[in-house]
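Asker: Here's a sequence, model it:
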Amino acid sequence: MTSFIRPSARDAKVATAMKAALEDNQGDKVKLVVGETEVQLTPRIVEIMTTSIPLIQSRTMFGFAAEEKLLTTQEAADLLGYSRPTLIKLLDQYKIPVSKVGRHRKITFENLDELRMARRQDTMRFLHEMADLEHELGIDE
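Answerer: Sure, this is the predicted structure:
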C-alpha cells in the first residue's frame with residue numbers, strides 16, 4: 001500500500017514542536033505518550049520522524065511506498081502527478097517494464113523512478129536545445 005500525506009498548517013505547527021522535542025531528547029530516551037500509554041521509540045522510528053518533519057513543516061506532499069510492492073497504475077500516476085492514461089502512454093513510450101496481473105498493469109517503485117528520471121533527462125535535453133536555439137537566433141538575454 002502506498003500512502004500519501006498532504007500536511008496542513010496545523011500539521012506544520014505540530015511538526016515544529018516535534019522537531020524541538022526530538023532535538024532536546026537525543027539517543028534512546030525518546031518516548032511517545034498517548035493518553036496513559038508510554039512507548040519508547042526506536043532509533044529507526046525517530047529517524048523516520050526526523051526525515052519527515054521538514055516535509056511536514058514546508059507542507060510538501062509526500063508519500064511512503066513499500067519497496068517490494070507492485071503499484072497499480074493509478075497509484076503510480078498519483079505518485080508522479082499524472083493521469084492514469086498519460087502514465088500508461090509514458091510507460092509504453094519509454095519501454096518501462098510492467099507486470100501484468102490478469103489484465104491489470106503493475107509497476108515497481110524502482111521502475112517508476114526510472115520513468116521519472118527518463119522524463120527529467122528529456123526535459124533537461126529539451127531545455128538545453130531551446131537555449132542553444134535561442135543563442136543561435138540571437139534572442140537570448
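
Asker: tell me which element residue 116 falls in.
Answerer: Taking DSSP states H and E as the definition, residue 116 sits inside helix 109-137.

Asker: in that helix, what's buried?
Answerer: The neighbour-count check on helix 109-137 (16 or more other CB atoms under 10 Å) flags 109, 111, 112, 115 as buried. For every residue, glycine as well, the C-beta is placed using N, CA and C.

Asker: cool, and stretch 69-88?
Answerer: 70, 71, 72, 73, 75, 76, 77, 78, 79, 82, 87, 88.

Asker: could those go into a markdown table alongside distance to residue 51?
Answerer: Formatted as a markdown table, these follow (distance: CB to CB, whole Å):
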| residue | distance to residue 51 |
| --- | --- |
| 70 | 24 |
| 71 | 21 |
| 72 | 26 |
| 73 | 28 |
| 75 | 21 |
| 76 | 22 |
| 77 | 25 |
| 78 | 21 |
| 79 | 18 |
| 82 | 25 |
| 87 | 27 |
| 88 | 32 |
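
Asker: In strands, which of those appear?
Answerer: Under the assignment DSSP state E, these contribute 70, 71, 72 to strands.

Asker: correct me, but the second one touches residue 109?
Answerer: Translated: residue 71. Yes. If you go by CB atoms under 8 Å, residue 71 and residue 109 touch, sitting 6.5 Å apart.

Asker: quick one on the thing from earlier: most widely separated two among the buried residues of stretch 69-88?
Answerer: Put simply, by CB to CB the two of the buried residues of stretch 69-88 set farthest apart are 70 and 82, 17.8 Å from each other.

Asker: what are the pairing partners of the worst-scoring helix or strand of the chain on mean pLDDT, and which direction each?
Answerer: Every helix and strand of the chain was ranked by mean pLDDT, DSSP states H and E. The lowest is strand 3-5, at a mean of 77. Applying DSSP bridges, strand 3-5 is found paired with strand 62-64 (antiparallel).

Asker: Can you lay out the ones in strands among the buried residues of stretch 69-88 as a markdown table showing pLDDT and distance to residue 29?
Answerer: As requested, those are exported to a markdown table (pLDDT from 0 to 100; distance: CB to CB, whole Å):
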| residue | pLDDT | distance to residue 29 |
| --- | --- | --- |
| 70 | 87 | 39 |
| 71 | 90 | 38 |
| 72 | 92 | 41 |
